[in-house]
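Asker: Provided below are the primary sequence and the corresponding predicted coordinates.
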There are 2 protein chains.
Amino acid sequence: MSGKSKVVVIRHIGDEALGIIQANPNIDLVLWKEDTQAPRSWILENIKGASGILVVMGEPVTRELVDAAGPSLKVVSTMSVGYEHVDQPLLAQHKIRLGFTPDVLTEAVADITVMLAFMASRNVGETLVIVQEGKWSTVPWSPFLFTGPQLSISGPSNPSARTRLTAGFLGFGRIAQATLHRLIAFGVTDVLFTARSDSSKVSQEILDKYPTLHSVKQASNDELAAGSDVVFVLTPGGKETYHLVGEEFLKKMKSNAVLVNTARGTCVDSDALAKALKEKWIWAAGLDVVEGEPNISADHPLVKEPRAVILPHIGSATTETRVGMATRAARNVVAGVLGEKMEAEVDLSRFKSTV
Amino acid sequence: MSGKSKVVVIRHIGDEALGIIQANPNIDLVLWKEDTQAPRSWILENIKGASGILVVMGEPVTRELVDAAGPSLKVVSTMSVGYEHVDQPLLAQHKIRLGFTPDVLTEAVADITVMLAFMASRNVGETLVIVQEGKWSTVPWSPFLFTGPQLSISGPSNPSARTRLTAGFLGFGRIAQATLHRLIAFGVTDVLFTARSDSSKVSQEILDKYPTLHSVKQASNDELAAGSDVVFVLTPGGKETYHLVGEEFLKKMKSNAVLVNTARGTCVDSDALAKALKEKWIWAAGLDVVEGEPNISADHPLVKEPRAVILPHIGSATTETRVGMATRAARNVVAGVLGEKMEAEVDLSRFKSTV
């Protein structure tokens, strides 16, 4: 083992990704082989003297872990787009690099974001169960049975249809823009979005890109709530966006609007949303994330709301995307160990001044 | 009542549509007011001497009904895009016009067609239930948990992703083309479709319309089954398409492909599809229609398949679309009674030569 760098991988992330690490003659791979996450004790034991560690979402990268590794640790590579589980100032202090896997999952999450908007508006939560329980024949066709708001433009063949459709984006990063790209084809005519800084240039770029759009406007949270037919929560998590969507926001939304959250559960106040659905402040909600997940019981207030459609955080769960994330994480850890450029590295320089 | 034309409406189709009929001073509206379909006996009794009748899907327009109406009957207006429930040769023989409501529902059905493709590929049937039953915490994250094939293109950020994605359309009418319009935004690169006659002109038009497409090709059923990553059944119903998708077709499909049927239940052999899912000939299926609906019990072979996502025929169930269909049916019946041009009339001339 002398002269070789040790890389610890805390769970089996697929042969393709592991092969990338194993292919490097200067690296010894230490892998937790079972199809579970490695126990913390195993990690702390095996990370001694490691040059790199590859972790997944939810495994805390803390002082305990960094101390256990010792001064050899050069890189932490997380197979995730978020890195809330990593103590970034600590890594900065020890000059340990941090790799992550953004971008790869953009399209998979955008797909499910659009899907959830339609599942919510079209009463899929309720209607799927009717078929599953063998009750289809008990709900005879009637003109307005199971009708919800249409999140597309019907065109001139239907004079009763709306001619404008506004999509609101809380956060307007890559996933939001990939979601918008899809919605243009459904006939969205207007866009509202929030952003931290002035984004008039972004607005103009989007308008230029999609000639069918009537307007693209940076908005306040209030304006966005009031003006949108469908609101997408696509902000980062954390303190700044904690309960961004609460009673105040929900009360300002249109009564036939739909809320979709495919970002972080903490962005939406679950109790407020359950109340909004029960009291019909809004039409429905589609959620891939819920605050406190995965500890969401059958009597959780949102689970009990028929107009809430909830998926267990499967936004990036396509084979292609997960292989893409795993292989990127593998390439990142190898690059970090070798001191090369990573495909995606978190800029920790802002923490260095505080040391 | 003398001098006025009687129009019978067999169920309450909303105030907006009924208002169109009531607004005409030369028409007497006879309406079954309850929120159910009128009993046949009520229809047969009230249709005597009527000039027009407005029916909904599933109400048989037969010799019995036409005879009960008598020679005054000028028009049958059905609030539906299909008219299998109407005896067309009989109407042609009696010079009774037939109005219907196509086009209006195109966008609503295209929306749900796309939604079902993603619900099937992304394991929504299985995952929704996990949350509903409070079992989210029992399925801890793992790299490939609930992963399905991605029905979108991931782009250069993911070298593991596919770069071509083929959508196959059995039938390439308005709904199919509206579905394709949406899928272009998800990155579909190639199109296969079936059509009764040579459609090279259509292929070229589609290619010209969507510059991101690599190919658009009219195909045989076999070619389409073998070449498509997602197959959409969007043909008319009836004898010609009965069990169009059966064992033979399903065996030729790719093992990670998805089947979507939002057309007619009879187009797909349910037993064959259940077998295909159980034996993993294909990945999953999304269905808005099932042969024999609505008599689909909880132990129906497709209901029992976790990879079959089944909705109770809600393709056109948006408020806007149903109001649009109802008002179009109302305008059709008024136009028929007055001898004016209808918005959408079935051409019955092909039946006249047989009289």
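Answerer: Perfect, thanks for sending it.
Asker: show me which residues of the stretch 251-355 of chain A sit near chain B.
Answerer: Residues of the stretch 251-355 of chain A lying close to chain B (CB under 8 Å from any CB of the partner chain) are A:293-300, A:303, A:309-314, A:317-328. For glycine as for every other residue, the C-beta is placed from the backbone atoms N, C-alpha and C.
Asker: give me the buried subset of these.
Answerer: Listed as buried from these are A:293-294, A:296, A:300, A:303, A:309-314, A:317-328; burial here means 16 or more other CB atoms under 10 Å in any protein chain shown.
Asker: mind listing which of those residues are in helices?
Answerer: A:319-328 (DSSP state H).
Asker: in a markdown table: the residues you listed, plus pLDDT.
Answerer: Below are these laid out as a markdown table (pLDDT from 0 to 100):
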| residue | pLDDT |
| --- | --- |
| A:Thr319 | 95 |
| A:Glu320 | 95 |
| A:Thr321 | 95 |
| A:Arg322 | 95 |
| A:Val323 | 96 |
| A:Gly324 | 96 |
| A:Met325 | 96 |
| A:Ala326 | 97 |
| A:Thr327 | 97 |
| A:Arg328 | 96 |
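Asker: which member of those residues is positioned nearest A:Val231?
Answerer: If you rank those by distance to A:Val231 using CB to CB, A:Thr321 comes first, at 24.6 Å.
Asker: chain neighbours aside, what residue packs nearest to the closest one?
Answerer: In space, and not counting its chain neighbours, A:Thr321 is closest to A:Ala108: 4.1 Å by CB to CB, 6 or more residues apart in numbering or on different chains.
Asker: let me know the pLDDT of that neighbour.
Answerer: We note a pLDDT of 97 for A:Ala108 in this prediction.
Asker: just the CA atoms of stretch A:151-166, as CSV, please.
Answerer: Output of stretch A:151-166 as CSV, limited to C-alpha atoms (Å, rounded to 0.1, in the frame of the first residue of the first chain):
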residue,chain,number,x,y,z
LEU,A,151,-52.0,24.4,-16.9
SER,A,152,-51.7,24.8,-20.6
ILE,A,153,-53.2,27.1,-23.2
SER,A,154,-56.0,25.6,-25.3
GLY,A,155,-55.8,27.9,-28.3
PRO,A,156,-58.5,29.3,-30.5
SER,A,157,-60.5,26.0,-30.6
ASN,A,158,-61.8,26.8,-27.1
PRO,A,159,-63.1,30.3,-26.5
SER,A,160,-63.7,29.4,-22.9
ALA,A,161,-60.0,28.8,-22.2
ARG,A,162,-57.6,31.2,-20.7
THR,A,163,-55.2,32.9,-23.0
ARG,A,164,-52.5,33.8,-20.5
LEU,A,165,-50.8,31.5,-18.1
THR,A,166,-48.2,32.7,-15.6
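Asker: give me the contact list for that stretch.
Answerer: Stretch A:151-166 has contacts (CB atoms under 8 Å, 6 or more residues apart in numbering or on different chains) with A:117-118, A:121, A:150, A:186-192, A:214, A:227-230, A:258, B:16, B:103-104, B:106-108, B:110-111, B:320-321, B:323-324, B:327-328.
Asker: now it: buried residues?
Answerer: Residues of stretch A:151-166 classed as buried: A:151-154, A:157-158, A:160-162, A:165-166 (neighbour count, 16+ other CB under 10 Å).
Asker: dump those into a markdown table; add secondary structure, distance to B:His94 and pLDDT as well.
Answerer: What follows is the buried residues of stretch A:151-166, written out as a markdown table (DSSP: H, G, I helix; E, B strand; the rest coil; distance: CB to CB, whole Å; pLDDT from 0 to 100):
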| residue | secondary structure | distance to B:His94 | pLDDT |
| --- | --- | --- | --- |
| A:Leu151 | coil | 43 | 97 |
| A:Ser152 | coil | 39 | 97 |
| A:Ile153 | coil | 40 | 94 |
| A:Ser154 | coil | 34 | 85 |
| A:Ser157 | coil | 29 | 79 |
| A:Asn158 | coil | 31 | 87 |
| A:Ser160 | coil | 32 | 83 |
| A:Ala161 | coil | 35 | 88 |
| A:Arg162 | coil | 40 | 91 |
| A:Leu165 | coil | 44 | 98 |
| A:Thr166 | strand | 49 | 98 |
